[in-house]
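**Q** just to be clear, the model below is a prediction. Sequence and coordinates:
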Amino acid sequence: MKREPMKAYWRKNIQYVLILLAVWFACSFGCGILFADELNQIRMGGFKLGFWFAQQGSIYVFVILIFIYVYLMNKLDKEFDVDEQDENAEAPDMKLDDDYKGQHKK
């Protein structure tokens, strides 16, 4: 891959990471600490919502963000043609030279 497309690829990758981390921060710190009093007026599963975000919600959001990141990176990889090969595609024909074959015989 050429240098300029590689820079664009990594710039977009870092942009995704920063956005997703900002969402996670807003959810875990914002909802669990800063807005806890307001959110505690709402109940979820018998627990106050501020407490729920501090204890469980931020973990769920983090796991969801992982799946979003995987989706975004697969899409980005295809856009920049650095994605993994299709499983059904034929692998390139690999021929070993005689020296290599001789060294690794059992």
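**A** Great, that's in hand.

**Q** what's near enough to touch the residue nearest to the spatial centre of the chain?
**A** Geometric centre of the chain, nearest residue: Y69, 2.9 Å, by C-alpha atoms, centre = their mean. By C-beta atoms under 8 Å, 6 or more residues apart in numbering, Y69 lies in contact with Y16, V17, L20. Yep, even glycine has a C-beta here, placed from its N, CA and C like the rest.

**Q** repeat that for G50.
**A** Contacts of G50 (C-beta under 8 Å, 6+ apart): C31, G32, F35, A36, D37, E38, L39, N40.

**Q** let's see it at 6 Å
**A** A36, L39, N40 (C-beta atoms under 6 Å, 6 or more residues apart in numbering).

**Q** ok so, going back, could you redo the contacts of Y69 as TSV and give each row secondary structure?
**A** TSV is the format used below for the contacts of Y69 (DSSP: H, G, I helix; E, B strand; the rest coil):
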residue	secondary structure
Y16	helix
V17	helix
L20	helix
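
**Q** which of the residues you listed has the most neighbours?
**A** L20 (18 neighbours; other C-beta atoms under 10 Å).

**Q** spatially nearest residue to that residue, not counting backbone neighbours?
**A** Leaving aside its sequence neighbours, L20 sits nearest to L65 (C-beta to C-beta, 6 or more residues apart in numbering; 4.9 Å).

**Q** mind checking pLDDT for that neighbour?
**A** Looking at L65, its pLDDT reads 96.

**Q** residues near it, how many?
**A** Neighbour tally, L65, other C-beta under 10 Å: 16.

**Q** pLDDT weak spots in this protein?
**A** 1, 85-106 (pLDDT under 70).

**Q** show me the strands in it, by range?
**A** 43-44, 47-48 (DSSP state E).

**Q** so can I have CSV of these showing mean neighbour count and distance to Q56?
**A** Shown next, in CSV, are the strands of the chain (neighbours: other C-beta atoms under 10 Å; distance: least, C-beta to C-beta, whole Å):
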stretch, mean neighbour count, distance to Q56
strand 43-44, 13, 9
strand 47-48, 15, 8
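
**Q** alright, that wraps it up for me.
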